[in-house]
Structures are given as C-alpha cells and as structure tokens.
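> no sequence on this one, just coordinates:
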C-alpha cells in the first residue's frame with residue numbers, strides 16, 4: 001500500500017509542475033502581446049544582400065517591435081516584396097523596341113505598404129523561334 005501512495009504522490013507532484021509550466025507560458029505570451037492596435041510596419045530589410053531572411057520594424061505610439069521576415073530571391077525588386085500583383089499575359093513583341101510588355105493590377109498590399117495600383121513590366125523578346133512539333137527519331141535498324 002505504501003508503494004501506491006508513493007506513486008500517487010509522485011504523480012501529483014508531476015501534474016502540479018506541468019500545470020505551473022503551462023501558466024508561465026501563458027504569462028509570457030501576455031507580456032509579448034500589445035494593447036496597441038494601430039501598428040505601422042516598415043519594409044522587410046534583408047540581413048545581407050537584397051533577399052533572404054531579415055527583419056521588419058513596426059511602431060505604435062511609444063512601442064516598437066521587430067518581426068522576422070523573408071524576401072524571396074525571385075521577387076520583383078521594382079515593386080517591393082510587400083506588393084502583390086495579378087499580371088496579364090505578355091503582349092506581342094514590339095519590333096521598334098525589341099521588348100514585350102505586360103501590366104499587373106494590385107492584388108494585396110502587405111503591412112500597409114505603399115503600392116502602385118497598376119504596374120508595367122517589360123522583357124526582351126525571345127530571339128529563338130519556338131517550334132511546336134519535335135522531330136521524331138526512328139527506332140528501326142538500317
């Protein structure tokens with residue numbers, strides 16, 4: 001009987017310790033939360049070069065925070081990583097300029113970013129002529 005009582009006491013001690021640990025996590029979460037609702041966030045600034053992991057700074061009244069962020073390395077640098085656009089198909093190639101153009105309409109501005117409503121992008125025309133059919137190789141012996 002003493003062994004059962006000892007096991008029961010040990011179980012109660014472990015349960016109490018786990019409950020206390022849960023309270024500490026909740027208290028830490030409350031300390032991190034802010035009552036301020038009007039946060040102003042700056043752009044994501046990469047730690048090195050022009051893409052990859054970085055930080056975004058935010059301010060609200062007298063408070064400031066830093067959030068981790070990531071800029072994809074294939075982002076449209078001209079528009080910023082926080083401006084998301086829906087692009088149309090590429091237009092025809094201009095023989096005068098040698099480029100083709102397409103436009104994009106703003107779909108979403110993250111973190112209250114200042115984004116243009118419509119943007120235009122260009123790229124050089126392809127000098128290769130794409131063929132739709134591929135040559136078939138014969139399998140027979142000569």
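The structure has been received and is ready for your questions. Owing to the predicted nature of the structure, the values given are computational and were not obtained by experimental measurement. Numbers count the residues shown, from 1 in each chain.

> give me the three-state assignment for residue 4.
Look at residue 4: counting by DSSP: H, G, I helix; E, B strand; the rest coil, its state is helix.

> domains of this protein?
Here the domain assignment for the chain is 36-73, 75-128, based on the TED database.

> show me what counts as buried in the shortest one.
Spelled out, it's domain 36-73. Under the neighbour-count criterion of 16 or more other C-beta atoms under 10 Å, domain 36-73 has 39, 41, 43-44, 46, 51, 54, 56, 58, 69, 71 buried. Placement of C-beta: from N, CA and C, glycine included.

> and the two most separated of these?
The largest separation in those, counting by C-beta to C-beta, is between 39 and 51 at 24.3 Å.

> neighbouring strands - and their directions - for the helix or strand hosting residue 58?
Take DSSP states H and E as the rule and residue 58 turns out to sit in strand 52-60. Strand 52-60 has its sheet partners listed here by DSSP bridges as strand 40-41 (antiparallel), strand 45-46 (antiparallel), strand 63-71 (antiparallel).

> just send those strands back as JSON lines, with distance to residue 88 too.
Shown next, in JSON lines, are the strands paired with strand 52-60 (distance: least, C-beta to C-beta, whole Å):
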{"stretch": "strand 40-41", "distance to residue 88": "29"}
{"stretch": "strand 45-46", "distance to residue 88": "29"}
{"stretch": "strand 63-71", "distance to residue 88": "25"}
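
> so which of those gets nearest residue 2?
That would be strand 63-71 among these, by C-beta to C-beta, at 53.4 Å.

> on that earlier part again, so which of the strands paired with strand 52-60 gets nearest residue 111?
Of all the strands paired with strand 52-60, strand 40-41 sits nearest to residue 111, with 3.7 Å by C-beta to C-beta.

> show residues contacting that closest one.
Residues outside strand 40-41 that contact it (C-beta atoms under 8 Å, 6 or more residues apart in numbering) are 56-60, 67, 111-112.

> closest to residue 79 out of those?
residue 111 (14.1 Å).

> quick check, the closest one in contact with residue 56.
Yes: counting by C-beta atoms under 8 Å, residue 111 touches residue 56, with 6.6 Å between them.

> need the residues touching each of the two.
With C-beta under 8 Å, 6+ apart as the test, residue 111 and residue 56 both reach 41-43.
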